[in-house]
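S.K.: predicted model and sequence below, questions to follow.
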Amino acid sequence: RAKDESLENDLAFRSLLKEAANAKTMQDAQDEYFASADLDKAYKWAEEKGFKLPVSYLAIADTFVHSGSATHFSSANITSFPAEGANETDVLRAYLQWREDWLKGKGGVLASTAFRPYTWRQLIDSDPQLTGAVTIRGDEVA
């Protein structure tokens, strides 16, 4: 709470954090925080905008986790959503193409994450219901 930046270089504190990461209680607390801080907001936003496909929820959750909100949809000039009659996959595909290009254009570490929107776009065509395993960069993740 005090935002004590000296902890950043405190090796004993960092060691305690690493040790705590293996504790079930810490893992449960992180999962709970992640769900309330990011996923719940993402799913609520997706529902309000009329998204229904599991791949849409995946892409929107990814946006919230990495950007904190859905503000990038407006940056991508997405002004109409499925709740207003827009085609869900067209909206999602346009947004993901914009996001991929934006990440690549940022360079550095952000550019290295452009595989995510690329992968979600591939899933729109191959398995929008996410009925099979999701493979990212050769690794099965779900």
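M.R.: Here it is on my side, so go on.
S.K.: any idea how far Pro54 is from Asp38?
M.R.: Using Cβ to Cβ, to the nearest Å, Asp38 is found at 17 Å from Pro54. In this view, the C-beta of every residue, glycine as well, is placed from N, C-alpha and C.
S.K.: equivalent analysis for Glu48, please.
M.R.: The gap separating Glu48 from Pro54 is 17 Å, by Cβ to Cβ.
S.K.: those two: which is more packed in?
M.R.: Between Glu48 and Pro54, counting by other Cβ atoms under 10 Å, Pro54 is the more crowded of the two (15 against 11).
S.K.: where do the helices sit along this protein?
M.R.: 11-20, 24-34, 40-48, 54-67, 71-75, 88-106, 108-111, 115-126 (DSSP state H).
S.K.: quick one: contacts of the second one?
M.R.: Applying Cβ atoms under 8 Å, 6 or more residues apart in numbering, the contact partners of helix 24-34 are Ala20, Ala21.
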